[in-house]
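Enquirer: sequence first, then the predicted structure, then my questions.
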Amino acid sequence: MKTGLLLAAAFAALLHAVPAAAETFRVEMRNRGERGSMVFEPDFLAIKPGDSIKFIATHKSHNAASIDGMVSEGYAGFKGKINEEIEVTFDQPGYYGIKCSPHFGMGMVMLVKVGAAELTEAIRKVEVPARARPRFDDIFARIDAGEGQ
Ligand SMILES: [Cu+2]
């Protein structure tokens, strides 16, 4: 009986320590999708700190890598290998720009919002290739319109 009570107390403490179950989201790396060619699908996700994103190699010759200067301050960054499916956990609140290294110039980018984060001018104005600019501007416009809030 006493052991049962102790176990129940331990279980209650454990539940208390983990406020919300972390989720894993899927993003496809595609040659073509709903928004054109060379795309991450979806191209924008709002997640909680501790959630993960699994990048799926739906089509070949893509990777997922963080964009320098377009991440939460102090974040070390990540870079997946070509054709590699990687799962990345985001712990710090903030915005994270993601690129496909070989197709950055073709505008293959996406944005991740982690927790409550302000879309700063610094993030909006990060220098990116010409064809990535309209894709980010489209994502920013959708965020300004309330997506991911
Ligand atoms: Cu690519």
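Expert: Ah, there it is.
Enquirer: got the contact list for residue 39?
Expert: 30, 32, 33, 108 (CB atoms under 8 Å, 6 or more residues apart in numbering). For glycine as for every other residue, the C-beta is placed from the backbone atoms N, C-alpha and C.
Enquirer: same thing but at 10 Å, please
Expert: The contact partners of residue 39, taken as CB atoms under 10 Å, 6 or more residues apart in numbering, are 27-33, 59, 62, 100, 103, 106-110, 135.
Enquirer: and the helices in the chain?
Expert: For the chain, helices defined by DSSP state H occupy the ranges 2-17, 121-124, 133-144.
Enquirer: what residues are up against residue 137?
Expert: residue 124 are the contacts of residue 137 under CB under 10 Å, 6+ apart.
Enquirer: what's the pLDDT at it?
Expert: For residue 137, the model assigns a pLDDT of 98.
Enquirer: from residue 65, how far off is it?
Expert: 21 Å (CB to CB, to the nearest Å).
Enquirer: how long is stretch 138-149 end to end?
Expert: 16 Å (CA to CA, to the nearest Å).
Enquirer: separation between the closest residue to residue 135 other than its chain neighbours and residue 43?
Expert: Distances taken as CB to CB, 6 or more residues apart in numbering put residue 107 closest to residue 135, at 4.9 Å, once the chain neighbours are dropped. The gap separating residue 107 from residue 43 is 10 Å, by CB to CB.
Enquirer: list residues touching both of these two?
Expert: With CB under 10 Å, 6+ apart as the test, residue 107 and residue 43 both reach 35, 135, 136.
Enquirer: what's the neighbour count on the nearest residue to residue 82 once chain neighbours are set aside?
Expert: Closest residue to residue 82 apart from its sequence neighbours, by CB to CB, 6+ apart: residue 63 at 4.9 Å. Residue 63 has 22 neighbours, counted by other CB atoms under 10 Å.
Enquirer: for residue 63, give me the pLDDT.
Expert: Reported pLDDT for residue 63: 98.
Enquirer: was I right to think it contacts residue 102?
Expert: Yes. With contacts counted by CB atoms under 10 Å, residue 63 reaches residue 102, the gap being 7.4 Å.
Enquirer: quick one: common contacting residues for those two?
Expert: 82, 108.
Enquirer: so where's the longest strand in this protein?
Expert: strand 24-33 (DSSP state E).
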